[in-house]
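Enquirer: The sequence and its predicted three-dimensional model are supplied below.
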Amino acid sequence: MRPILKLHSLPPQCLSKAFAALRLLRHSVPRAFAHCNHKVRAPLARVALAVLVTLAGVVIAVAPASASTGNTWTVQKGSFPTLGTLYGISCPSALECVAVGYNENSYYDAITKDGGSHWITQGGQDSSQFRGHYSGVSCANTKDCVIVGWWTILGGLAPFDTELVLTTTNGGATWTSHCVACNSYGSGSLDAVSCATPVDCVAVGPQEILATTDGGVTWTETDQTGLLIQYDTLGGVSCATPLDCVVVGANSAAGVTLTTTNGGVTWTSETVPAGVLWLADVSCVTSSDCVAVGGTGSGTASIGVALATTNGGATWTRESVPRSALGLFTVSCVSVSNCVAVSVTHPGKAKGFYAGGILATSNAGATWVSESVPHSAELLYGVSCVTSSDCVAVGQTGAYG
């Protein structure tokens, strides 16, 4: 059975927050809609996870055609847990990738070292004391990776969330958990992470930005001025160097971009073009050149957004994306010219189903081209590209509408 959630039956003000939260917070559908005072039942149909890989032929090692000609995406099978979602992906090479996610009773990472021919899943089981959620991952190389997310601590008067960080220095053979909440930063969750080097990373969650210079063992709160108090949600980060990072998100009125050129000692709030309601992700290939993605609203009235900067985020230019894209959830750029983004679309199916989409540009955003997605993998949340044509996108099968 295909899981269905009738988004169009919810209040518009609820849709706006929830629609962005599906990617901004990388939460499950019920948790995303917890931002609204509207009860939503979790889809209970069993669903299989899907990993998509772009290639020209049937072997991943074969170089595919350029993005401008339209990549071919095929489903890669793995022993992924059912009733769950992969939310993040990082590929340090064409052969090696780490994907992360969670389901109703476990949290896990999926690793491939042969270009997607085989995926190995490992992780932990939830208990009566806690639940784990892996939401983001960044690999500086094939050995050093950082996973972020949150633990939900159960029991007591009420459940509460606390930050989760795991690191590996051996390509995922073993993972070490680190205590971030010991410092009481207070957000309760981390949603995305970007590592410019094996030791220099920045992680973001709602109203907090944390930085590490020792590979994730210890973390420092970078916002010491109260700048983030005005923002509802921060959900995407990209660091081109240990000093130069861009963070994106949304407040109650518009999309948000924050920039730093000193490793997070200070942050500057930049202006985004009018009409951009939320930004979900950003990808920087240099300290000057970045692309941020998001949307203008909620439901079928929303229009997908791609913004580009060539001056480190001081100014942003809106690019034209296909109207079928209602919102762009994540983006991965390998050069100033070549980027791939995953989106949510409204393909005109019965009952207003929403579905996953993939867009690509090979001319620095002058045009974004829609690419065909296998029907069996309709909801996508993450993408990572090593070259303009070696990419992996992750998500969940089924449609939400």
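Expert: Structure's in. What do you need?

Enquirer: Just give the closest residue to Asn262, not the sequence neighbours.
Expert: Sequence neighbours aside, Leu243 is the residue nearest to Asn262 in space, at 5.8 Å (criterion: Cβ to Cβ, 6 or more residues apart in numbering). Every residue, glycine included, has its C-beta placed from N, CA and C.

Enquirer: which SS state does the one you found fall under?
Expert: Per DSSP: H, G, I helix; E, B strand; the rest coil, the local secondary structure of Leu243 is coil.

Enquirer: Kindly report the same for Ala341.
Expert: strand.

Enquirer: The closest residue to it other than its chain neighbours sits in which helix or strand?
Expert: With Cβ to Cβ, 6+ apart as the criterion, Ala341 has its nearest non-adjacent residue at 4.2 Å, and that residue is Val331. Secondary structure here is read from DSSP states H and E; on that basis Val331 sits in strand 325-333.

Enquirer: Which positions in that strand come out as buried?
Expert: For strand 325-333, a neighbour-count test (16 or more other Cβ atoms under 10 Å) marks Ala325, Leu326, Gly327, Leu328, Phe329, Thr330, Val331, Ser332, Cys333 as buried.

Enquirer: List the beta-bridge partners for the third one.
Expert: Spelled out, it's Gly327. Val344 (DSSP bridges).

Enquirer: you'd agree it is up against Val344?
Expert: Yes: under the criterion of Cβ atoms under 8 Å, Gly327 makes contact with Val344 at 5.2 Å.

Enquirer: Would you mind getting the angle between the strand holding Val331 and strand 339-345?
Expert: With axes from the mean of the first three to the mean of the last three Cα atoms, to 10 degrees as the criterion, the two stretches strand 325-333 and strand 339-345 enclose an angle of 160 degrees.

Enquirer: In terms of secondary structure, what does strand 325-333 contact?
Expert: Packing partners of strand 325-333 (3 or more Cβ pairs under 8 Å, 6 or more residues apart in numbering; DSSP states H and E): helix 12-24, strand 278-284, strand 290-295, strand 304-309, strand 339-345, strand 355-361, strand 379-385.

Enquirer: can you give me the offset of the second one from its chain's centre?
Expert: What it means is strand 278-284. The gap between where strand 278-284 is centred and where its chain is centred comes out at 9 Å by Cα atoms, centre = their mean, to the nearest Å.

Enquirer: With the fourth one instead?
Expert: Remark: strand 304-309 is offset 16 Å from the chain centroid, using Cα atoms, centre = their mean.

Enquirer: just the last one next, same as before
Expert: Per Cα atoms, centre = their mean, the displacement of strand 379-385 from the mean C-alpha position of its chain is 7 Å.

Enquirer: repeat for the fifth one
Expert: Strand 339-345 has its average C-alpha position 11 Å from the chain's average C-alpha position, going by Cα atoms, centre = their mean.

Enquirer: For it, name the packing helices and strands.
Expert: Counting contacts by 3+ Cβ pairs under 8 Å, 6+ apart, strand 339-345 packs against strand 290-295, strand 325-333, strand 355-361, strand 379-385, strand 391-396.

Enquirer: what's the closest of these to Gly101?
Expert: Relative to Gly101, the nearest member of these by Cβ to Cβ is strand 391-396, separated by 7.4 Å.

Enquirer: Okay, angle between the closest one and strand 355-361 too, please.
Expert: Interaxial angle, strand 391-396 versus strand 355-361 (the same axes, to 10 degrees): 160 degrees.
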